[in-house]
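Asker: fold the following for me, if possible:
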Amino acid sequence: MTKSELKEFLDEKVELYNNPNFIESDPIQIPHLYLIKEDIEIAGFLAATIAWGNRKMIINNAKKMMSLMGNSPHDFVMSHTKSQLENLETFVHRTFNGQDFVGFIKGLQHIYQNHNGLEAVFSQEHPTIQHTISQFKQHFFEAPHLARTEKHISDPMNGSAAKRINMYLRWMVRNDNKGVDLGIWKSIASAQLSCPLDVHSGNVARKLELLTRKQNDAKALVELDQSLRALDPNDPVKYDFALFGLGVFEGF
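Answerer: Predicted coordinates for the structure are as follows:
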């Protein structure tokens, strides 16, 4: 395919998958349950954190997280009691357990009390959004936590593609009026975002010659970002819908 043919093909796939029907089978439905900004961003962050494995299990366990917080995520983060935190210890999603959940609540409370909230931390000036993610991880774990909990936030400066946080940022930042991404953060431009890179999107990107590197790591993400920005410099991560849809729904 020529570059123009490839762009046309991918734009058509974006149109196919970037619509409200996508929500019912995707973890993005969790932040869509809420109307208040802080509830949306906390629900989205926690849902994205456990977004690996079977998608139905992810959605069910994310709903369980919300239920354990009384379906008021921000209020719970800011004003939980000791016994309410202890109730979280029954939670488990794969390797993310109840103690990790408690650590994440403390980390979120610290972000809101001492760093003006999630949007403010991710809006800080850094060379790239991947540097910003690395800095966010440092701030998040300034709060008391177990060492094991740190593995649940990836650090791009350590070579990770940080798929789940890049996906979360897509949810919060992109605002294209299609009804899928929430677009509630106005201080970050869509042009700054990186594509969530996982097995599905990586394999499709290689078949389409958007990516040559074999590992799905930070270097691969830089390469994929460059390819997607060449197709649309203002909104490169819209192509996540195309790559994901082709891989998961079409077995491309």
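Asker: and the strands in the chain, which stretches?
Answerer: 92-93, 96-97 (DSSP state E).
Asker: looking at those, which is buried most?
Answerer: Most buried of these by mean neighbour count (mean count of other CB atoms under 10 Å) is strand 96-97; its value is a mean of 20. For the C-beta atoms, the positions are set from N, CA and C on the backbone; glycine is no exception.
Asker: quick check on residue 53: phi, psi?
Answerer: Reported as degrees, to the nearest 10, the phi and psi values for residue 53 are phi 100, psi -160.
Asker: that one - nearest residue in space that isn't next to it in sequence?
Answerer: residue 94 (5.7 Å; CB to CB, 6 or more residues apart in numbering).
Asker: how close does the one you found sit to residue 54?
Answerer: 9 Å (CB to CB, to the nearest Å).
Asker: okay, now the residue nearest to residue 53: neighbour count?
Answerer: By the criterion of other CB atoms under 10 Å, residue 94 has 12 neighbours.
Asker: picking that back up, which one of the strands of the chain lies nearest to residue 65?
Answerer: Nearest of the strands of the chain to residue 65, taken as CB to CB: strand 92-93 at 8.3 Å.
Asker: elements contacting the closest one?
Answerer: helix 55-68 (3 or more CB pairs under 8 Å, 6 or more residues apart in numbering; DSSP states H and E).
Asker: need the residues that contact the helix it packs on.
Answerer: With contacts defined as CB atoms under 8 Å, 6 or more residues apart in numbering, helix 55-68 is touched by 25-27, 29-30, 33, 43, 46-47, 50-52, 73, 87-88, 91, 93, 101.
Asker: need the strands of the chain in JSON lines (columns: mean pLDDT and distance to residue 141).
Answerer: Below are the strands of the chain laid out as JSON lines (pLDDT from 0 to 100; distance: least, CB to CB, whole Å):
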{"stretch": "strand 92-93", "mean pLDDT": "97", "distance to residue 141": "20"}
{"stretch": "strand 96-97", "mean pLDDT": "98", "distance to residue 141": "15"}
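Asker: as a markdown table, those strands with distance to residue 175 would be great.
Answerer: What follows is the strands of the chain, written out as a markdown table (distance: least, CB to CB, whole Å):
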| stretch | distance to residue 175 |
| --- | --- |
| strand 92-93 | 29 |
| strand 96-97 | 29 |
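Asker: any idea how far residue 148 is from residue 137?
Answerer: Taken as CB to CB, the span from residue 137 to residue 148 is 15 Å.
Asker: who has more neighbours, the two?
Answerer: Between residue 137 and residue 148, counting by other CB under 10 Å, residue 137 is the more crowded of the two (20 against 12).
Asker: pLDDT score assigned to residue 242?
Answerer: Confidence at residue 242, expressed as pLDDT, is 97.
Asker: any idea how far residue 154 is from it?
Answerer: Where residue 154 is concerned, residue 242 sits at a distance of 23 Å (CB to CB).
Asker: surely residue 181 touches residue 169?
Answerer: No: at 9.9 Å, residue 181 does not count as touching residue 169 under the criterion of CB atoms under 8 Å.
Asker: picking that back up, now list the buried members of the contacts of helix 55-68.
Answerer: The neighbour-count criterion (16 or more other CB atoms under 10 Å) marks 26-27, 29-30, 43, 46-47, 50-52, 73, 88, 91, 93, 101 among these as buried.
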